[in-house]
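Peer 1: Below is the sequence, then the predicted model.
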Amino acid sequence: MEAIDKASHAAHETVDKIAGASNKAADAIGEKGEQLKNAEQHFLNNCRAYARENPVASLGIAVAAGFLLSRLLSSR
């Protein structure tokens, strides 16, 4: 009976360690997700500012990107 208790205790400790590690991993992933959201927002703000300051260049970039996408997609 003592062996079963030791094995059970060891199993519980292992499960607790795994749960702790998975919680730490989930927290780290959550933090990285927030960092990505902030980076995306910063990038979008920069793009909007560039488009406001350089409307002609922005239009040219959009036309070129559309042309390239149409060529890539139409060849399939």
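Peer 2: Sure, I can see it. All of these numbers come straight from a predicted model, not from anything done at the bench.
Peer 1: Tell me the first helix or strand C-terminal of the longest helix seen in the chain.
Peer 2: In the chain, assigned by DSSP state H, the helix with the most residues is helix 2-53. Moving toward the C-terminus from helix 2-53, the next helix or strand (DSSP states H and E) is helix 55-74.
Peer 1: give me the number of residues near Asn45?
Peer 2: Residues near Asn45, counting by other C-beta atoms under 10 Å, number 10. Heads up, the C-betas are built off the backbone N, CA and C, glycines and all.
Peer 1: Start at 689, not 1
Peer 2: New numbering, starting at 689: the last item is Asn733.
Peer 1: State the distance from it to His697.
Peer 2: Asn733 is 54 Å from His697, where distance means C-beta to C-beta, to the nearest Å.
Peer 1: try Val703
Peer 2: 11 Å.
Peer 1: Next: Ala716.
Peer 2: Distance of Ala716 to His697, computed by C-beta to C-beta: 29 Å.
Peer 1: swap in Gln723?
Peer 2: Separation of Gln723 from His697 (C-beta to C-beta) stands at 39 Å.
Peer 1: Also Gly718?
Peer 2: 32 Å.
Peer 1: Also Asp704?
Peer 2: Going from Asp704 to His697 by C-beta to C-beta gives 11 Å.
Peer 1: Around Ala739, count how many other residues there are.
Peer 2: By the measure other C-beta under 10 Å, the count of residues near Ala739 is 14.
Peer 1: what's the closest non-adjacent residue to it?
Peer 2: Of all residues not flanking Ala739 in the chain, Ser746 sits nearest, at 4.2 Å (C-beta to C-beta, 6 or more residues apart in numbering).
Peer 1: thinking that neighbour is in contact with Ala752, fair?
Peer 2: No: Ser746 is beyond contact range of Ala752, at 10.8 Å (criterion: C-beta atoms under 8 Å).
Peer 1: Show me which of these two is the more surrounded one.
Peer 2: Ser746 (15 against 10).
Peer 1: Give me the residues contacting stretch 725-745.
Peer 2: Contacts to stretch 725-745, defined as C-beta atoms under 8 Å, 6 or more residues apart in numbering, come from residues Ser746.
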